[in-house]
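Participant: Build me a model from this:
(chains A and B)
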Number of protein chains: 2
Amino acid sequence: MTGRPADAGAGRDSEAVRAANLALYDAFEAADLDLMSAVWLDEPSTDAVCVHPGWPPIHGRGPVLRSWAMIMANTPYIQFVLTDVAVSVTGDIAVVTCAENMLTGMPETAGASADEVGGGRVAATNIFRRTPGGWRLWVHHASPVLSTEGPQ
Amino acid sequence: MTGRPADAGAGRDSEAVRAANLALYDAFEAADLDLMSAVWLDEPSTDAVCVHPGWPPIHGRGPVLRSWAMIMANTPYIQFVLTDVAVSVTGDIAVVTCAENMLTGMPETAGASADEVGGGRVAATNIFRRTPGGWRLWVHHASPVLSTEGPQ
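Facilitator: Model prediction:
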């Protein structure tokens, strides 16, 4: 079966969104605030929203980027393996969900050595907007996954 | 200062979104699956997404509503007080964040009586789409708030 042009366009959108989503985690892994700034939407009329695991929501590009700067400064090492990446594009909005499987370096406290690593699994919802410069992150909400099944 | 028509329209949108957001919690409090069904987007081409606190993402209107049915069946009592409600409307998409301050009835286990209540604070991001029938919930992501400040 050959794809229709509309399908090809949807496939290109989906790939571009997937790349934009990866860029978020690449920026975090590299602890690179310039890369992180490029990931996020930069439109004065539309507030960026970010919810880090366990945190209340942060609104606005400035406060959001400052929160990332603080988190990245306090994370000696982090590596992500993304699984269950689901991309849905509707017009100029894309909804991505994924599981952030991470290895992190622990701060040197209470007997932990600097190269000791911890792990965790976080569910993320990332909403992107299509802009003239590409897909930009508008809303990020991440939260710890405590079960894989929900209550029985 | 009198509002311009555009401002009045934005104000009406914002109020309608706020009402749609409240309807989610009213449906949960009433444990009414019909009300809950009416809250959620019903467009075959656009997947609903729902992340309950501690859960991985659920995709699709059917699975999402089944999850709510299960949760409501297992919640003898719940009452919400919403605070920090922030509404942002961009075209046909609305982003709401709020704090869900809740009182819940605990299941009758291990010495807890049926009228014993617990509490908690959850951060929610709710994305609504404008439809001919009004604003409908497209994406819901809720997660426990463990701190009010983030890491120091």
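
Participant: quick one: contacts for the closest residue to residue A:51 other than its chain neighbours?
Facilitator: Closest residue to residue A:51 apart from its sequence neighbours, by CB to CB, 6 or more residues apart in numbering or on different chains: residue A:141 at 4.2 Å. (Each C-beta comes from the backbone N, C-alpha and C, glycine too.) Applying CB atoms under 8 Å, 6 or more residues apart in numbering or on different chains to residue A:141 gives the contacts A:49, A:50, A:51, A:57, A:124, A:125, B:51, B:123, B:125, B:141, B:143.

Participant: where do the strands sit along chain A?
Facilitator: Remark: strands assigned in chain A by DSSP state E are A:49-51, A:58-59, A:78-90, A:93-105, A:117-131, A:134-144.

Participant: Can you name the residues of chain A sitting close to chain B?
Facilitator: Residues of chain A lying close to chain B (CB under 8 Å from any CB of the partner chain) are A:45-47, A:49, A:51-57, A:59, A:67, A:70-71, A:74, A:84, A:86, A:88, A:90, A:93, A:95, A:97, A:99, A:123, A:125, A:127, A:138-139, A:141-148, A:150-151.

Participant: Just the buried ones from those residues, in ChimeraX syntax?
Facilitator: Entered in ChimeraX, the line below selects the buried ones among the residues of chain A next to chain B, by 16 or more other CB atoms under 10 Å in any protein chain shown:
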select /A:46,47,49,51,52,53,54,55,56,57,59,67,71,88,90,93,95,97,99,123,125,127,138,139,141,142,143,144,145
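
Participant: Quick check: longest helix in chain A by residues?
Facilitator: Secondary structure of chain A per DSSP state H: the longest helix is helix A:5-30.

Participant: Can you give me the buried ones in that one?
Facilitator: Those would be A:13, A:16, A:17, A:18, A:20, A:21, A:23, A:24, A:25, A:27, A:28, A:29, for helix A:5-30 by 16+ other CB under 10 Å.

Participant: what's the most distant pair in these?
Facilitator: The distance between the two most remote of the buried residues of helix A:5-30 (CB to CB) is 24.9 Å, for A:13 and A:29.

Participant: any idea what sits nearest the spatially most central residue of chain A, other than its immediate chain neighbours?
Facilitator: Closest to where the C-alpha atoms of chain A average out (CA atoms, centre = their mean) is residue A:24, at 4.8 Å. Using CB to CB, 6+ apart and skipping residues adjacent in sequence, the residue nearest residue A:24 is residue A:39, 5.0 Å away.

Participant: ok, now residue A:136?
Facilitator: With CB to CB, 6+ apart, the residue lying closest to residue A:136 is residue A:41, at 4.1 Å.

Participant: ok, now residue A:119?
Facilitator: residue A:103 (5.6 Å).

Participant: Let me know the average pLDDT across stretch A:9-24.
Facilitator: Averaged across stretch A:9-24, pLDDT comes to 94.

Participant: typed the wrong thing, it's stretch A:83-93
Facilitator: Mean predicted lDDT for stretch A:83-93 stands at 96.

Participant: Serialize the strands of chain A to TSV and add fields for distance to residue B:8.
Facilitator: Formatted as TSV, the strands of chain A follow (distance: least, CB to CB, whole Å):
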stretch	distance to residue B:8
strand A:49-51	25
strand A:58-59	24
strand A:78-90	28
strand A:93-105	25
strand A:117-131	25
strand A:134-144	25
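
Participant: ok so, going back, mind putting the buried residues of helix A:5-30 in a markdown table, distance to residue B:35 included?
Facilitator: Listed next are the buried residues of helix A:5-30 as a markdown table, based on distance: CB to CB, whole Å:
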| residue | distance to residue B:35 |
| --- | --- |
| A:13 | 34 |
| A:16 | 38 |
| A:17 | 33 |
| A:18 | 36 |
| A:20 | 36 |
| A:21 | 34 |
| A:23 | 39 |
| A:24 | 35 |
| A:25 | 38 |
| A:27 | 41 |
| A:28 | 39 |
| A:29 | 43 |
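
Participant: hmm, back to that, unless I'm mixing things up, the residue nearest to residue A:119 is touching residue A:75, no?
Facilitator: No. With contacts counted by CB atoms under 8 Å, residue A:103 stays clear of residue A:75, the gap being 11.1 Å.

Participant: Show me which of these two is the more surrounded one.
Facilitator: Each of residue A:103 and residue A:75 has its neighbours counted (other CB atoms under 10 Å in any protein chain shown); residue A:75 has more, 17 against 13.

Participant: show me what contacts the nearest residue to residue A:121 once chain neighbours are set aside?
Facilitator: The shortest distance from residue A:121 to any non-neighbouring residue, by CB to CB, 6+ apart, is to residue A:145 (4.7 Å). Counting by CB under 8 Å, 6+ apart, residue A:145 makes contact with A:99, A:121, A:122, A:123, B:54, B:55, B:56.
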